[in-house]
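Engineer: Below: sequence and its predicted model.
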Amino acid sequence: MDGHNFGMARMTNLNETKNKIQRVLDSISKLPTTVQKASLQYKMQLDSTYNWLTVAAYEMDKWMEEFNMDSAKDNEQKRVEYLESEKRKILNVKTAILGSLQKADTLLNLRR
């Protein structure tokens, strides 16, 4: 459950970060065409990071929906196997959340 708690503690930050990226993307779209073209690489990085944040949030939601704490409770070996498998899954979710937030932080700090 540590992975779950870690992920949930960052969901608000993840959504706020997505909103920040969207505001930057909206701002770029209002710039003169020449400046938009000059910002194309940055915009592509923002788009990609926005997508990674979206995937990380989706994976967290998916894991929570599919996790069954009572799985194989009558079979200790299968229960241990299930919980180990779920531990690996939530570790991947944690990695996706951290990686996408770090990338977003780097990109958003470039603007300052």
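Structural biologist: That came through fine.
Engineer: which one in this protein is furthest away from the centre?
Structural biologist: residue 74 (34.5 Å; C-alpha atoms, centre = their mean).
Engineer: which SS class is that residue?
Structural biologist: For residue 74, the secondary-structure state derived from DSSP: H, G, I helix; E, B strand; the rest coil is coil.
Engineer: Next up, phi/psi of it, please.
Structural biologist: Phi and psi for residue 74, reported as degrees, to the nearest 10, are phi -90, psi 0.
Engineer: And for residue 31?
Structural biologist: phi -80, psi 160.
Engineer: That one - how many residues pack around it?
Structural biologist: By the criterion of other C-beta atoms under 10 Å, residue 31 has 12 neighbours. Where C-beta positions appear, they are placed from N, C-alpha and C, glycine not excepted.
Engineer: What's the separation between the residue lying closest to it once chain neighbours are set aside and residue 20?
Structural biologist: Closest residue to residue 31 apart from its sequence neighbours, by C-beta to C-beta, 6 or more residues apart in numbering: residue 39 at 6.9 Å. Here the criterion is C-beta to C-beta, to the nearest Å. By it, residue 39 lies 16 Å from residue 20.
Engineer: Could you do residue 62 as well?
Structural biologist: 24 Å.
Engineer: repeat for residue 37
Structural biologist: In this view, residue 37 and residue 20 are 23 Å apart by C-beta to C-beta.
Engineer: For the strand or helix carrying residue 49, list every residue counted as buried.
Structural biologist: Here residue 49 sits within helix 40-66, counting by DSSP states H and E. By neighbour count on 16 or more other C-beta atoms under 10 Å, the buried set for helix 40-66 is 45, 46, 49, 50, 52, 53, 56, 57, 59, 60, 63.
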